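Peer 1: quick check, what structure comes out for this input:
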Amino acid sequence: MYIVHLMLADKFTLPLKQDLQSLFNSDQHHFLILGQTKKSNSCETVLGIPSPLNVFRNVWHVGIKFSKADLIILHGLPVLYYFLLFPFALKKIAWIIYGGADLYLHKPFKDGLIAKLLKTLRNLVLKNVKIHLTHIKGDSDLANEMYHSNAKWLYHPVYLSNVVDCQLGDMIKRTNPKSKIFILVGNSTDPSNHHLEILEWLKGMEHIQIYCPLSYGTYNDYKEKVKQKGFELFGERFIPIEQFMQFEEYKSFLASIDVAIFNHKRQEAMGVTLTLLSLGKEVYVNDNTTSFRSLKERGFQLFSNVFITTERSKLATRNVDVNASLLKRYYSKQVWEAQWKQVYNFSSIDEFA
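Peer 2: Numbering: from 1, shown residues only. Sure thing, here's the model as predicted:
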């Protein structure tokens, strides 16, 4: 199986590329990368940006690699339009579904001829996808429904951000209980967090301290509204986090949290959710999301936001011990590696699809 990865260069894809290059021989794959500044080499080709200035070179390289590929793995929707230039490649697609950024992209499309054309072209590509690679089966089901496709789902953690250290729970063992419950609210400045609703749910609770990460995202006006509401309801017990933390520092911070509450209406913030579960934390999310349903179906103990108002006296008391063994089964580095080996060991895309 010769695999071509078509991807944007970002914080998820570049670490993945490095690990796959270490795990597999260079003659098993090639990476077509849009947005990277380093030079091309034998196992990766840099697709130039801005693309209008590099269009002929980009199309040339994509066409050659698409012709050679047995399987083409699509990372993210902005690069999918290359398939329209090479219709023969439509039967070779495996799509790594990002979640909200992919499955809800159709909603912001504005009216107009160009927007409708782009939507039609995108739908044409995604309708032909043969395999969905994701750890959330509900996202695969939703994609098939949205794009009238018949792709098969392959469970896969995909990116290293979805791989957890199953020993992290040791970080949370305490000798002295805290007098306050530390609550994490949201994960960014994006209004999709619906922070204000969470703060209203928690209003009037004593013995809690709220930490609200607001260092990630560009919605500054919304961030100020969240801070204003937080200080209004909780005073000094509301602590906005406005300085970006490196990952190891952020993990140490999450280890001090007792309860995390996310209020996204769709699948989002999965990396931080899995890290919190690995730390033995109580995590509350919207129970209408594909992530909630998929994790619950596998036996994970995470909880509906409904409980914040109906059973909030039980915060920080629920048993989540089962999550440790489930994380090893679904989100360990060994599982991640085994799933990528399964993909690379297909003799052809028809073997799975």
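
Peer 1: give me the buried stretch members for stretch 121-130, please.
Peer 2: Buried residues in stretch 121-130, defined by neighbour count with 16 or more other C-beta atoms under 10 Å: Arg122, Val125, Leu126, Asn128, Val129, Lys130. Backbone N, C-alpha and C define where each C-beta goes, glycine included.

Peer 1: identify the farthest-apart pair in those residues.
Peer 2: By the measure C-beta to C-beta, the buried residues of stretch 121-130 have their two most distant members at Arg122 and Lys130, which lie 16.8 Å apart.

Peer 1: show me where this protein has helices.
Peer 2: For the chain, applying DSSP state H gives helices covering 13-23, 55-68, 100-103, 113-127, 137-147, 195-202, 220-234, 247-255, 270-278, 290-297, 306-310, 322-330, 333-344, 349-352.

Peer 1: go through the ones you listed and name the closest to Lys91.
Peer 2: Lys91 sits nearest to helix 349-352 of all the helices of the chain, at 7.5 Å, using C-beta to C-beta.

Peer 1: tell me how far His132 lies from Tyr98.
Peer 2: Using C-beta to C-beta, to the nearest Å, one gets 11 Å for the distance from His132 to Tyr98.

Peer 1: higher neighbour count, these two?
Peer 2: The residue with more neighbours, out of His132 and Tyr98, is His132; 25 against 20, by other C-beta atoms under 10 Å.

Peer 1: from Tyr155, how far off is the closest residue to that one other than its chain neighbours?
Peer 2: By the measure of C-beta to C-beta, 6 or more residues apart in numbering, the closest residue to His132 outside its immediate chain neighbours is Ser140, 4.0 Å from it. When C-beta to C-beta is applied, the distance between Ser140 and Tyr155 equals 9 Å.

Peer 1: what do those two both touch?
Peer 2: Contact with both Ser140 and Tyr155 is made by residues Thr134, according to C-beta atoms under 8 Å, 6 or more residues apart in numbering.

Peer 1: related to what we said a few turns ago, ok, the residue nearest to His132 touching Asn150?
Peer 2: No - Ser140 lies out of contact with Asn150 (C-beta atoms under 8 Å); the separation is 11.0 Å.

Peer 1: shaky segments in the protein?
Peer 2: Counting by pLDDT under 70, the chain contains low-confidence ranges at 36-37, 51, 100-101, 104-111, 166-177, 353.
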